[in-house]
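Asks: quick check, what structure comes out for this input:
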Amino acid sequence: MKKSDFNPDRIYEIRIKRGFVLTDLATLCGVSPALVHYWEKGKCTPTPKRIYTLAKKLGIEPEYFFTKDTQ
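Replies: The predicted structure follows:
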């Protein structure tokens, strides 16, 4: 997986699907709500470590963030 293939829309999709507000996810991942917002809007890309943390906290595989299809 290449960092350039990261799909920021997938963070928002799974966050909403899991019933989290932005601040909930930020707290779970140990980052600021503003940073999660930037990730979701594609203004910056999480580091590989953060992608792993996001996936773990959301109960998904990290590869989820690198797919273009919505489910």
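Asks: what are the contacting residues of the helix or strand harbouring Thr53?
Replies: Secondary structure from DSSP states H and E places Thr53 in helix 48-58. By C-beta atoms under 8 Å, 6 or more residues apart in numbering, the residues outside helix 48-58 that reach it are 3, 6, 11, 14-15, 18, 20, 25, 28-31, 46, 61-62, 64-65. (Glycine included, C-beta is placed from N, CA and C.)
Asks: one more pass at 10 Å, please.
Replies: By C-beta atoms under 10 Å, 6 or more residues apart in numbering, the residues outside helix 48-58 that reach it are 1, 3, 6, 10-11, 14-15, 17-18, 20, 24-25, 27-31, 35-36, 39, 45-47, 60-66.
Asks: cool, and stretch 30-47?
Replies: Contacts for stretch 30-47 (C-beta under 10 Å, 6+ apart): 3-4, 6-13, 15, 20-29, 50-54, 57, 65.
Asks: cool, and stretch 9-26?
Replies: 7, 27-28, 31-37, 39-42, 46, 51, 54-55, 57-60, 64-71.
Asks: list buried residues within the residues you listed.
Replies: Buried subset of the contacts of stretch 9-26 (neighbour count, 16 or more other C-beta atoms under 10 Å): 31, 36, 39-40, 46, 51, 54-55, 57-58, 64-66.
Asks: just for this structure, where's the confidence low?
Replies: Where the chain drops to pLDDT under 70, the residues are 1-3, 69-71.
Asks: quick one: secondary structure of Thr45?
Replies: coil (DSSP: H, G, I helix; E, B strand; the rest coil).
Asks: now the helices: where do they sit in this protein?
Replies: 9-17, 22-29, 33-41, 48-58 (DSSP state H).
Asks: and the second one, how far from the chain's centre?
Replies: What it means is helix 22-29. Offset of helix 22-29 from its chain centre (C-alpha atoms, centre = their mean, to the nearest Å): 10 Å.
Asks: how much does that helix deviate in direction from helix 48-58?
Replies: On the basis of axes from the mean of the first three to the mean of the last three C-alpha atoms, to 10 degrees, helix 22-29 is oriented at 110 degrees to helix 48-58.
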